[in-house]
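# A predicted structure for the sequence below; I have some questions about it.
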Amino acid sequence: MVSLSLRRLSLIYLRVSSLTFGGGDPTMAALQSELVTRHGWLSREKYGLVYGLARITPGTNILAFCAGTAWELKGWPGAILAVLGATVPAAAAVVLLTVGYEAFKQNARAMAAIAGTLAAAVGMMTVSAWQLVRPDLRRERILRALVLVAGSVLLSYVFRMSPIWILGMAALAGFFWRAPVPE
Amino acid sequence: MNVALLYLLLLKATSTSFSGLTSLPVLRHDLVERHRVLTDRQLNAAVAAGRTAPGPNGLYVVSVGYFVAGVPGACAGCLAAMTPAFAIIVLLRYLGRRAERPAVRSAIQSVTLAAAGLVINATIPLARDAITGPLPIAIGVASFLFLAFTRYATVWVIVGAALAGLAGGFAGLIQP
């Protein structure tokens, strides 16, 4: 495992949020891939906890997610640098686009490159969901996992329920319906 | 408009919302209707700029700040977007001490699974917009396989997808 330094951690947040298009969800998927899967610095459970809490934190979810994950790994300095890294370069891009938005929209090459990264974001987010579910795809836990995942999709997609309510209901369900421990 | 007041108004909008664009109604009420320092057209351009740029959509407040007060306004917008994020640390400190209890651990595991459902739900509209032909399908599948079965950095997926999109744009295989 690669050692975790403040500089390395900050560069990951800066790089991922400066290059990922499509909003907060693809950015969280890309950060999951780096922090949980690739480097193993953050456990899947901690990721799930921060993801859930980021949804109930006021403001932009992804920035709360960056603050929370980096705070878990490197305390307050990590949280501050992660939020700065995730915000400042993207904010500079927003200002540049504000100044030249009409001209940029006419640039077919730039828009084609962005269309490519948005297609990649779909793959990234599918991997993110798969990696969150995979450890629970064991015989004794699969029913509980399927009920929770399918219930979450159903409530959000069909009934348009707020993510905050869905995560709250899932926490309540988990409080009373515990996963069987393998023998 | 005074930059400190602009920061407080933008902070009011960001800290009373729970995702990228839900601050829009509060912000429109304060800046377009009440103080009349922003037009609806500028607000639409700000949302479009926020959606087109990399990173969070919620950074449209930076563009709003720029329209109202230039670069100092953009800095106020940036600060207003960042400030509420640190509230999560209070929540983590509170829950972190209780995370080892079996019932709390089980609740966290359930939240993780529900989060996977929310990620699937967020993928559906993005897929509808982005997967518009054979090349975007190939890019999406290649990204999935690359990230699921290798340990290379995510940046390579993004750079590769941008290059494939660019090449597809030249060949007419992708709709910008």
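Sure, I can see it.

# three-state assignment of A:Arg139?
Recorded secondary structure, A:Arg139: coil (DSSP: H, G, I helix; E, B strand; the rest coil).

# that one: neighbour count?
A count of neighbours around A:Arg139, defined by other CB atoms under 10 Å in any protein chain shown, yields 8. Using the backbone N, CA and C atoms, a C-beta is placed for each residue, glycine as well.

# which pLDDT value goes with it?
The predicted structure scores A:Arg139 at 80 on the pLDDT scale.

# next one: B:Phe18
pLDDT for B:Phe18: 62.

# if you count neighbours, what's buried in the longest helix along chain B?
Scanning chain B for the longest helix, with DSSP state H as the assignment, gives helix B:102-130. Residues of helix B:102-130 classed as buried: B:104-123, B:126-127, B:130 (neighbour count, 16 or more other CB atoms under 10 Å in any protein chain shown).

# which of those residues are close to chain A?
B:104-123, B:126-127, B:130 (CB under 8 Å from any CB of the partner chain).

# ok, now how distant is B:Thr154 from chain A?
Between B:Thr154 and chain A the distance, using CB to the nearest CB, to the nearest Å, works out to 4 Å.

# now that residue. Nearest residue, chain neighbours left out?
The shortest distance from B:Thr154 to any non-neighbouring residue, by CB to CB, 6 or more residues apart in numbering or on different chains, is to A:Ala30 (4.4 Å).

# identify the residues contacting the one you found.
With contacts defined as CB atoms under 8 Å, 6 or more residues apart in numbering or on different chains, A:Ala30 is in contact with A:16, A:20, A:124, B:154, B:158.

# Three-state assignment for the third one, please.
Reducing the assignment to helix, strand or coil with three-state DSSP, the entry for A:Met124 is helix.

# quick one: low-confidence ranges for chain A?
When residues are selected by pLDDT under 70, those of chain A lie in A:1-3, A:22, A:101-105, A:181-183.

# helices of that one, start to end?
Using DSSP H, the helices of chain A run over A:6-19, A:24-32, A:44-56, A:61-105, A:108-133, A:142-153, A:163-176.

# gap between the residue nearest to the spatial centre of chain B and B:Val32?
What sits nearest the mean C-alpha location of chain B, by CA atoms, centre = their mean, is B:Pro56, with 2.4 Å. Distance from B:Pro56 to B:Val32, counting by CB to CB, to the nearest Å: 22 Å.
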